[in-house]
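S.K.: this is a predicted model, with the sequence first.
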Amino acid sequence: KGDVWLTDILTQCAWSAARTRDTYLSAQFWRLARRIGKKKKAAIAVAHSILVISWHLLTNDCDYQDLGGDYFTRRNADRQRDRLIGQLHNLGYRVTLERPA
């Protein structure tokens with residue numbers, strides 16, 4: 001189960017990270033909270049991510065570089081595009097995409 005005190009501290013850090021703007025941990029929290037439906041489970045998942053990030057920082061002796069709040073949309077740009085096109089089709093719009101010059 002792990003240390004109760006550490007779990008409490010990491011969960012509090014996860015709640016505060018969820019309230020920040022344009023950060024990876026905030027994006028992860030809201031993405032999980034939307035999908036899971038329970039904010040406490042999402043907070044525990046983000047707390048685990050904070051613990052893993054801390055471990056990697058201490059082990060590799062490096063600085064933290066945030067991936068950004070748009071990491072999940074950048075990761076699957078084609079999937080995001082297809083999902084948005086599908087939503088527009090469901091609303092009754094015809095979509096034509098062109099690449100910028």
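M.R.: Sure, I can see it. All figures in this text were calculated on a predicted structure; none of them were measured in a lab.
S.K.: so residue 53: helix, strand or coil?
M.R.: helix (DSSP: H, G, I helix; E, B strand; the rest coil).
S.K.: residues near it, how many?
M.R.: 14 (other C-beta atoms under 10 Å). Heads up, the C-betas are built off the backbone N, CA and C, glycines and all.
S.K.: cool, and the one 10 residues further on?
M.R.: Residue 63 is surrounded by 6 other residues when neighbours are defined as other C-beta under 10 Å.
S.K.: what about the residue nearest the centre of the chain, which helix or strand?
M.R.: For the chain, the residue nearest the mean C-alpha position is residue 28 (1.8 Å; C-alpha atoms, centre = their mean). Assigned by DSSP states H and E, residue 28 belongs to helix 24-36.
S.K.: what sits up against that helix?
M.R.: Contacting residues not belonging to helix 24-36 are listed as 14, 17-20, 39, 41-43, 45-46, 49-50, 66-72 [C-beta atoms under 8 Å, 6 or more residues apart in numbering].
S.K.: PyMOL command for the buried members of those residues?
M.R.: Selecting the buried subset of those in PyMOL, with 16 or more other C-beta atoms under 10 Å as the burial test, is done by:
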select buried, resi 14+17+18+42+43+45+46+49+50+69+72
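S.K.: in helices, which of the contacts of helix 24-36 fall?
M.R.: In this view, the contacts of helix 24-36 that belong to helices under DSSP state H are 14, 17-18, 39, 41-43, 45-46, 49-50, 71-72.
S.K.: sketch out the low-pLDDT regions of the protein for me.
M.R.: Across the chain, not a single residue meets the criterion (pLDDT under 70).
S.K.: which one of the ones in helices among the contacts of helix 24-36 sits closest to residue 3?
M.R.: Distance to residue 3 across those (C-beta to C-beta) is lowest for residue 50, with 14.1 Å.
S.K.: burial of residue 83, as a residue count?
M.R.: Around residue 83 there are 10 other residues, counting by other C-beta under 10 Å.
S.K.: can you redo the ones in helices among the contacts of helix 24-36 as a markdown table with distance to residue 4?
M.R.: Below are these laid out as a markdown table (distance: C-beta to C-beta, whole Å):
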| residue | distance to residue 4 |
| --- | --- |
| 14 | 15 |
| 17 | 20 |
| 18 | 21 |
| 39 | 20 |
| 41 | 17 |
| 42 | 20 |
| 43 | 15 |
| 45 | 18 |
| 46 | 18 |
| 49 | 19 |
| 50 | 16 |
| 71 | 31 |
| 72 | 31 |
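S.K.: fine by me, we can end here.
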